[in-house]
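In: for reference, the sequence and a predicted model appear below.
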Amino acid sequence: MRITELRSIAKEVGIHNFSLLETERQLILAIQKARGEDSCFLSDKRTRCADVECEWRPGCLRLIAEWRR
């Protein structure tokens, strides 16, 4: 998902300072929090995630260099 799409979702869920959130991770964590979900995108919890219906799952489970987390 592109940053512009994430900012649109952030606006829809009521995040007012979404323009200050620059990375995909920051935006998704803010969206999860605003929706009352566990803010877990790209966290250590991702290896134990059992939520197969999560819309962020494909991006969360992709391999990523540790220094970029």
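Out: Good, I have the coordinates.

In: poorly predicted segments of the protein, please.
Out: Scanning the chain for pLDDT under 70 picks out 64-69.

In: residues touching the most centrally placed residue in it, list them.
Out: Against the mean C-alpha coordinate of the chain, by C-alpha atoms, centre = their mean, the closest residue is Ile28 at 2.2 Å. The neighbours of Ile28, taking C-beta atoms under 8 Å, 6 or more residues apart in numbering as the test, are Leu6, Phe41, Leu42, Trp56, Gly59. For glycine as for every other residue, the C-beta is placed from the backbone atoms N, C-alpha and C.

In: got a PyMOL select line for the buried ones in those residues?
Out: Listed next is the PyMOL selection for buried residues among the contacts of Ile28, using 16 or more other C-beta atoms under 10 Å:
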select buried, resi 6+41+42+56+59
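
In: and the furthest pair within the contacts of Ile28?
Out: Maximum pairwise distance among the contacts of Ile28 (C-beta to C-beta): 13.4 Å, between Leu6 and Leu42.

In: hang on, the earlier thing: switch the contacts of Ile28 over to JSON lines; also include distance to Leu20 and secondary structure.
Out: Below are the contacts of Ile28 laid out as JSON lines (distance: C-beta to C-beta, whole Å; DSSP: H, G, I helix; E, B strand; the rest coil):
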{"residue": "Leu6", "distance to Leu20": "13", "secondary structure": "helix"}
{"residue": "Phe41", "distance to Leu20": "17", "secondary structure": "coil"}
{"residue": "Leu42", "distance to Leu20": "19", "secondary structure": "coil"}
{"residue": "Trp56", "distance to Leu20": "20", "secondary structure": "coil"}
{"residue": "Gly59", "distance to Leu20": "21", "secondary structure": "helix"}
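
In: with respect to Phe18, which of the contacts of Ile28 is nearest?
Out: Leu6 (8.2 Å).

In: so what's that closest one closest to, chain neighbours aside?
Out: Closest residue to Leu6 apart from its sequence neighbours, by C-beta to C-beta, 6 or more residues apart in numbering: Leu27 at 4.1 Å.
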